[in-house]
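Colleague: Below is the structure, and that's it, no one-letter string:
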């Protein structure tokens with residue numbers, strides 16, 4: 001017995017602390033636990049009886065490198081502070097702590113409360129300077145040892161990463177061959193699923209839209225276990241996080257990067273440490289190997305996907321944000337010229353669109369205190385009506401080409417969907433065949449096993465039958481090529497893009513996507529003298545266009561002026577088009593409802609107004625702004641400038657389709673302005689090789 005042990009120590013507990021660093025060590029190295037447990041016998045040999053010896057093994061599988069992360073070690077320190085422990089046994093200092101903070105705390109409290117520290121060889125009294133020095137040196141060596149081990153392991157990982165052979169998790173659609181080479185998964189169904197995913201994302205405006213498409217068609221994605229070579233695959237329903245992981249992973253473009261993720265540690269308010277992982281930024285990649293392995297997409301496609309994802313970031317950033325379900329065309333595009341923030345869109349209860357620079361409120365308040373101009377809010381119904389005319393003027397000539405592309409895409413999507421059903425059916429047949437082979441290998445007399453496999457085979461056969469039925473139903477309902485009726489309908493829509501654009505059932509997200517393809521930036525400012533909002537549009541082709549509109553919208557209900565509005569509209573549009581125009585302008589019925597074709601017809605008849613007559617329109621020379629622009633050979637925006645400057649007389653409300661007489665277009669003043677406009681070449685979209693395509 002050591003002379004350092006006194007009866008006072010033996011009256012307290014002897015704590016035997018047992019620990020292994022990871023769950024893998026606990027599972028695969030049980031001998032370490034047995035060796036540490038022998039300290040129980042050492043405590044008994046030093047004079048502690050069985051009731052006074054306490055085994056502390058609750059920290060099994062917990063690392064000692066990070067301070068304040070082991071619950072049992074915290075409990076041990078508390079027992080020392082409460083003077084319940086006479087000696088603390090550990091197999092060596094590395095078992096007790098691998099960080100200076102925990103080790104020095106243990107030495108400090110043991111010295112304060114007369115507690116000894118022992119291992120398999122020696123007994124130490126922290127109150128003695130020599131023993132305290134030895135314990136401190138052992139703690140420094142333990143920390144240095146773990147740091148050296150980490151540096152060696154990190155250097156080995158870096159060497160492997162430089163060769164492109166280090167793989168922390170295998171991406172979906174890939175397998176690791178010979179433990180180092182990344183190759184496409186040999187399963188054709190897996191490859192098609194990944195290829196289809198990237199191809200569809202090219203036509204989607206956001207990852208959320210892609211996820212909705214997958215859910216609607218019940219398309220599953222492959223998933224491999226976290227550990228392994230990726231060969232074993234299970235099919236699961238897609239989720240948002242897995243889509244982002246696939247779309248942001250450069251390995252699908254054949255690029256090997258390291259490190260793909262960064263680990264960050266931060267201290268919580270309670271004193272514990274929290275580790276988080278995040279994707280590394282491109283400037284944090286230490287290894288970048290292009291053309292490292294077979295790719296699913298090109299590098300250009302990968303970069304375009306990253307740009308799309310970045311621009312779809314939510315509000316309060318410099319990005320546009322994803323398209324939304326609202327009727328606004330310029331959501332996420334308008335920037336306040338006074339403060340530089342992106343203006344936020346607002347919708348009233350009646351569907352009116354307005355924009356507000358809410359992000360610049362602080363700067364606005366500061367500028368107003370200094371006496372300079374602040375930010376503002378404005379109604380956008382009239383401005384977006386002008387913008388719609390501009391967009392239709394640009395895209396209308398390509399309507400037939402769009403119909404042809406739509407027919408081709410319809411055929412392509414049907415073929416892709418059919419291939420999904422065929423792959424699923426083939427997989428179900430394989431599982432049924434595998435179950436049948438297992439069943440055939442079992443002795444029928446062994447009913448416990450035979451009956452279970454027979455039931456599984458029945459389930460597989462039922463799944464195969466359902467797969468066949470789904471494929472047959474698809475072949476019956478969806479012909480491989482669009483029918484003649486569908487093609488005729490598409491061509492009709494291609495020649496009447498205006499009707500499609502203003503139809504109530506047209507998805508607002510589609511119109512926003514078209515606007516974002518044609519327009520890069522929009523800057524808004526306020527003309528205080530005229531109380532007008534000025535928009536400067538920067539088109540994708542490089543040209544700029546100016547739009548002007550009233551800052552505040554008029555009242556939604558104009559009962560007294562309704563007959564005159566209907567009389568003006570019936571000169572150039574039918575009742576269905578008139579209902580859409582009134583709804584776009586935010587004008588409601590006398591009862592506060594939105595307009596339909598029947599409601600327009602009834603209101604017109606009650607007022608004694610004739611219906612639309614194409615022959616009468618041609619005879620009287622009544623033109624819309626778009627037709628007047630075609631007649632003059634200039635853009636609708638140029639015609640709108642002539643109207644705003646009072647040069648061209650019109651009939652009707654500014655927010656509704658206005659009537660222009662053909663005879664007024666022949667005046668000398670109008671013809672002079674047309675010649676001046678054409679000489680300046682003010683077309684909104686010039687011919688430019690860098691112009692983005694509207695059609696995917």
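Modeller: Good, I have the coordinates. This structure is a prediction, so every number in the text was calculated from the model and none was measured.
Colleague: How many residues are close by the closest residue to residue 348 other than its chain neighbours?
Modeller: Spatial nearest neighbour of residue 348, excluding adjacent residues (C-beta to C-beta, 6 or more residues apart in numbering): residue 354 at 7.2 Å. The way it works is simple: take the backbone N, C-alpha and C, and place the C-beta from them, glycine included. Residues lying near residue 354 (other C-beta atoms under 10 Å) number 19.
Colleague: Residue 354: which element?
Modeller: Assigned by DSSP states H and E, residue 354 falls within strand 353-356.
Colleague: what packs against that strand?
Modeller: Packing partners of strand 353-356 (3 or more C-beta pairs under 8 Å, 6 or more residues apart in numbering; DSSP states H and E): strand 344-347, strand 377-379.
Colleague: Identify the bridge partners of the residue nearest to residue 348.
Modeller: With DSSP bridges as the criterion, residue 354 is bridged to residue 346, residue 379.
Colleague: Can you give me the distance of it to residue 546?
Modeller: 20 Å (C-beta to C-beta, to the nearest Å).
Colleague: what's the answer for residue 141, then?
Modeller: 75 Å.
Colleague: How about residue 389?
Modeller: 14 Å.
Colleague: likewise residue 467?
Modeller: Counting by C-beta to C-beta - residue 467 and residue 546 are separated by 59 Å.
Colleague: now residue 231
Modeller: Counting by C-beta to C-beta - residue 231 and residue 546 are separated by 60 Å.
Colleague: So the residue nearest to residue 348 is in contact with residue 377, correct?
Modeller: Yes. In terms of C-beta atoms under 8 Å, residue 354 counts as a neighbour of residue 377; the distance is 6.2 Å.
Colleague: circling back: outside of the strand holding residue 354 itself, list whatever touches it.
Modeller: Outside strand 353-356, the residues that touch it by C-beta atoms under 8 Å, 6 or more residues apart in numbering are 326-328, 330, 334, 343-348, 377-381, 384, 524, 553.
Colleague: Try it again at 7 Å.
Modeller: For strand 353-356, contacts defined as C-beta atoms under 7 Å, 6 or more residues apart in numbering pick out 327-328, 334, 343-347, 377-381, 384, 524.
Colleague: on that earlier part again, figure out which of the helices and strands packed on strand 353-356 is closest to residue 580.
Modeller: Minimum separation from residue 580 across the helices and strands packed on strand 353-356 (C-beta to C-beta) falls at strand 344-347, 18.1 Å.
Colleague: quick one, what contacts residue 327?
Modeller: Per C-beta under 7 Å, 6+ apart, neighbours of residue 327: 351, 353, 508.
Colleague: I should have written residue 643 there, sorry.
Modeller: For residue 643, the contacting residues are residue 650, by C-beta under 7 Å, 6+ apart.
Colleague: so it sits in a helix?
Modeller: Yes. Judged by DSSP: H, G, I helix; E, B strand; the rest coil, residue 643 forms part of a helix.
Colleague: Distance check, it against residue 661.
Modeller: For residue 643 relative to residue 661 (C-beta to C-beta), the value is 13 Å.
Colleague: ok, now residue 51?
Modeller: Distance from residue 51 to residue 661, by C-beta to C-beta: 110 Å.
Colleague: Pick out whichever of those two has more residues nearby.
Modeller: Neighbours were counted for residue 51 and for residue 661 using other C-beta under 10 Å; residue 661 has more, 17 against 7.
Colleague: Now that one. Nearest residue, chain neighbours left out?
Modeller: Closest residue in space to residue 661, ignoring its immediate chain neighbours: residue 621 at 5.4 Å, by C-beta to C-beta, 6+ apart.
Colleague: Verify the contact between the one you found and residue 663 for me.
Modeller: Yes. At 5.9 Å, residue 621 counts as touching residue 663 under the criterion of C-beta atoms under 7 Å.
Colleague: out of those two, which sits in the more crowded spot?
Modeller: Set side by side, residue 621 and residue 663 show more neighbours around residue 621, with 15 against 9, by other C-beta under 10 Å.
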